[in-house]
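J.: model this:
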Amino acid sequence: MENAILEKKFDPPLDPGIGHFVLVLTEHGIETFESCEGGVGHAYPEPTIRFHGDVAEGMRALSVAVRAGLSVSELRRVWPVIDKEPTGPYWELTFSFQAP
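T.: Numbers count the residues shown, from 1 in each chain. Next up, the predicted model:
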């Protein structure tokens, strides 16, 4: 059932190893915009979800993730540098699991 929800809700489709994590956050109103299950050949070395929000949103997302039993390893506030310009800030949650 969850896979069908993920396929309908996200375009392009999510990496299989991070889909459940993204769904948990979005069901609680967290505005995610990028995710990756991490590992060799992926955009991130570890499972990562990026999301928008003000200064309090990171703590709210962390609370949602921890209460849902997700294996959070870090909460980050990041300013990526694109074309020599800082962008963001954005929030990132990283997780400690191995994707299938």
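J.: pretty sure residue 91 contacts residue 76?
T.: Yes - using CB atoms under 8 Å, residue 91 makes contact with residue 76 at a distance of 7.0 Å. C-beta: built from backbone N, CA, C; applies to glycine.
J.: neighbour-wise, which of these two wins?
T.: residue 91 (25 against 13; other CB atoms under 10 Å).
J.: which is the next helix or strand following whichever helix in the chain runs longest?
T.: For the chain, the helix with the greatest residue count under DSSP state H is helix 57-67. For helix 57-67, the following helix or strand on the C-terminal side (DSSP states H and E) is strand 72-78.
J.: what's that next one packed up against?
T.: helix 57-67, strand 90-95 (3 or more CB pairs under 8 Å, 6 or more residues apart in numbering; DSSP states H and E).
J.: between the ones you listed, which one is nearest to residue 42?
T.: strand 90-95 (12.6 Å; CB to CB).
J.: so how far is that closest one off the chain centroid?
T.: With CA atoms, centre = their mean, to the nearest Å as the basis, strand 90-95 stands 6 Å off its chain's centre.
J.: begin at 51 from now on, thanks
T.: Sure, I'll start numbering at 51, so the last one becomes strand 140-145.
J.: so that strand versus strand 122-128, what angle?
T.: Relative orientation of strand 140-145 and strand 122-128, computed by axes from the mean of the first three to the mean of the last three CA atoms, to 10 degrees: 160 degrees.
J.: any low-confidence regions in this protein?
T.: 51-58, 148-150 (pLDDT under 70).
J.: about what we covered before: would you turn the helices and strands packed on strand 122-128 into a markdown table with distance to residue 77?
T.: Output for the helices and strands packed on strand 122-128, formatted as a markdown table (distance: least, CB to CB, whole Å):
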| stretch | distance to residue 77 |
| --- | --- |
| helix 107-117 | 9 |
| strand 140-145 | 15 |
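J.: so which of those is nearest residue 61?
T.: strand 140-145 (20.6 Å).
J.: give me the sheet partners of the closest one and which way each runs.
T.: strand 98-101 (antiparallel), strand 122-128 (antiparallel) (DSSP bridges).
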